[in-house]
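Asks: need coordinates for the following:
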Amino acid sequence: SYNNEYQQYFYPEIQKYLSKKEKYEFPNDFNEKRKIGENDDYICSLIRNHDVVKFISYTQQINLPLSTAKIPDSYFETNLFLISRQPTLIEYSAFFGSVQIFQYLFMNKVSLTPSLWLYAIHGKNPEIIHFLEEKKVLFNNECFQESIICHHIDISNYLFDNYVHKDIKKLISLSLQSYNFSYVESQYIDQSILCDLCKFDHVFLVDSLIKSDRKLDVNTISEAFIIAIENENIEIIKLLLTLEQLDINYVHLEKKEIRRTNEKTALHYAFENESYEIIQLLLSCPNINLNIPMIEKNDGGRERTNTYKTVLHIAIEKNNVEILQQLLSCQSLNTSIPYKSKCEYEPFEMREEEKTALELAIENGNEEIIKLLLECGKIDVNQKSSYLEVTPFNRIEINYSPFHKSIENANMQIIQLFVSCNRCD
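Replies: Numbers count the residues shown, from 1 in each chain. Down below sits the predicted model:
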């Protein structure tokens, strides 16, 4: 597992924290191997050094099955591409451009699979790439994408000219994601890629775009702003906040799954991420609406659920006292809006709840937040929550105060907070 590999990789640093059972003698060349950062298995070194003679001798000596043998794991390996895979011998030879070993394996009936393209692109060896072409090994666009990610420009250009469907929009998006600007020409930098610029934190290009094009679309800017908030790109957020076209209360439709959607503003994302600096920026905006509910919809077929909550409810759910204090100081905050959830069951059953901010805090059991809410003059400490359940045979409706909820939960510390509050009935 990754955790075990990390423990082995950092063993010299963490051994003093390990139990006697977890400790072991590590080799004298441990630090040297770790500094090199490559798989320390002998056969790997032969492939990396292109030593075909010793490779043939060694594999015959140990009777290694060339077609099925895999490169063994090593916690000295630091290449992210290799860490997440367990390559075959021929894939590893393609990765390091070991042409003679690659050809030897092919001559010994090792099959050529489409995955070899990915390894060959990393190896940057034209001879291996042309060999795959000659043998008509299946190529797909993932290989071109890998060349962009690797910044192997010559190979990218060759694949682009000979294999790739010319989808400029996808190409620009991939280039921005990989910080590879070989295909990002000035004529393509327009509002159609603004969201990608924000997603991948290209501050300079965002700045250039908004200075050169003052007729940016409101929805495009607002969607880009949501992305910048979600990815916590502070400098881009500040740039977009200077635009008059920005709708700071824009509601983004987030599709989680086929039957699950969320409707969220930038402020909802900031509160969910507990991004204090971004929250401060947004709360300082004069047009910010603190009371728009975030709507979560889950259509499970026979069971449909809708939930409505404001940033006040999110802050309480997160148990974040610092953010809650900042929010309660805002004049425009409506503290009486309830947290709502409605669940409908086919054919004729329904359950609906409305919870006050105080009840949410009581459910979470956070005494510091409950005390903060009780001391806040904006909070109606006697505002009641409600519960409604309807079936074909029954109807149950209950209304109760936060104080009654605290008694029901039998938490003496919380009950004492309510008893000490002179505004509580």
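Asks: CA atoms for contacts and neighbours, from now on please.
Replies: Noted.
Asks: avg pLDDT for the strand or helix carrying Ile229?
Replies: Ile229 belongs to helix 218-230 when assigned by DSSP states H and E. The average pLDDT within helix 218-230 is 94.
Asks: am I right that Lys340 is in a strand?
Replies: Yes: looking at Lys340 with DSSP: H, G, I helix; E, B strand; the rest coil, it is inside a strand.
Asks: residue contacts, it?
Replies: Applying CA atoms under 8 Å, 6 or more residues apart in numbering to Lys340 gives the contacts 307-309, 352-355.
Asks: those in helices, which ones?
Replies: Using DSSP state H, no member of these falls within helices.
Asks: got these as TSV, with distance to Gln187 columns?
Replies: Below are the contacts of Lys340 laid out as TSV (distance: CA to CA, whole Å):
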residue	distance to Gln187
Thr307	44
Tyr308	43
Lys309	43
Glu352	53
Glu353	53
Glu354	53
Lys355	53
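Asks: which of the residues you listed has the largest number of neighbours?
Replies: Lys355 (23 neighbours; other CA atoms under 10 Å).
Asks: verify the stated contact: that residue with Ser385.
Replies: Yes: proximity of Lys355 to Ser385 meets the contact threshold set by CA atoms under 8 Å, at 4.7 Å.
Asks: anything in contact with each of those two?
Replies: Common contacts of Lys355 and Ser385 (CA under 8 Å, 6+ apart): Pro338.
Asks: in the stretch 1-150 of the chain, mark out all the strands, start to finish.
Replies: For the stretch 1-150 of the chain, strands defined by DSSP state E, counting those that start in this stretch do not occur.
Asks: where does pLDDT dip in it?
Replies: The stretch 1-150 of the chain contains residues with pLDDT under 70 at 1-5.
Asks: same thing but at 50, please
Replies: 1-2 (pLDDT under 50).
Asks: identify the residue nearest Leu253 in space, chain neighbours excluded?
Replies: Nearest residue to Leu253, sequence neighbours excluded (CA to CA, 6 or more residues apart in numbering): Glu263, at 4.8 Å.
Asks: relative to Tyr339, how far out is the closest residue to Lys256 other than its chain neighbours?
Replies: Nearest residue to Lys256, sequence neighbours excluded (CA to CA, 6+ apart): Asn262, at 7.4 Å. The gap separating Asn262 from Tyr339 is 15 Å, by CA to CA, to the nearest Å.
Asks: more neighbours, these two?
Replies: Tyr339 (22 against 19).
Asks: my guess is that one meets Val311, correct?
Replies: No: Tyr339 is not in contact with Val311 according to CA under 8 Å; the separation is 10.3 Å.
Asks: give me the neighbour count for Phe348.
Replies: So Phe348, with other CA under 10 Å, has 10 neighbours.
Asks: Ser208 is in what secondary structure piece?
Replies: Using DSSP H and E, Ser208 falls in helix 203-212.
Asks: how about Phe181?
Replies: For Phe181, there is no helix or strand it lies in under DSSP H and E.
Asks: number the chain from 26, please
Replies: Shifting the count to begin at 26 puts that one at Phe206.
Asks: need the strands for the stretch 276-425 of the chain, in chain order.
Replies: Under DSSP E, counting those that start in this stretch, the stretch 276-425 of the chain gives strands at 277-282, 285-289, 319-324, 328-334, 364-370, 374-380, 410-416, 419-425.
Asks: partner residues bridging the residue nearest to Leu278?
Replies: Leu278, Ile320 (DSSP bridges).
Asks: thought it was touching Tyr275?
Replies: No: applying CA under 8 Å as the test, Glu288 and Tyr275 come out as separate, 9.8 Å apart.
Asks: I'd like the next helix or strand past the helix or strand containing Asn182.
Replies: According to DSSP H and E, Asn182 maps onto helix 178-187. Next helix or strand after helix 178-187 toward the C-terminus (DSSP H and E): helix 193-202.
Asks: list the helices and strands the next helix or strand after that following helix packs on?
Replies: Elements were assigned by DSSP H and E; along the chain past helix 193-202, the next helix or strand is helix 219-224. Contacts defined by 3 or more CA pairs under 8 Å, 6 or more residues apart in numbering; DSSP states H and E place helix 219-224 against helix 193-202, helix 228-237, helix 243-255.
Asks: mean confidence score for helix 219-224?
Replies: Averaged across helix 219-224, the pLDDT comes to 93.
Asks: what does it rub up against?
Replies: With CA under 8 Å, 6+ apart, helix 219-224 has contacts from 198, 201-202, 228, 230-231, 245-246, 248-250, 252-253, 256, 258, 261.
Asks: can you check stretch 72-83 too?
Replies: With contact meaning CA under 8 Å, 6+ apart, stretch 72-83 is reached by 68, 71, 117-118, 121, 123-126.
Asks: what comes up buried for that stretch?
Replies: Neighbour-count burial for stretch 72-83 flags 72-73, 75, 77, 80 (criterion: 16 or more other CA atoms under 10 Å).
Asks: for stretch 53-62, same thing?
Replies: Neighbour-count burial for stretch 53-62 flags 58-59 (criterion: 16+ other CA under 10 Å).
Asks: sweet, I'm off.
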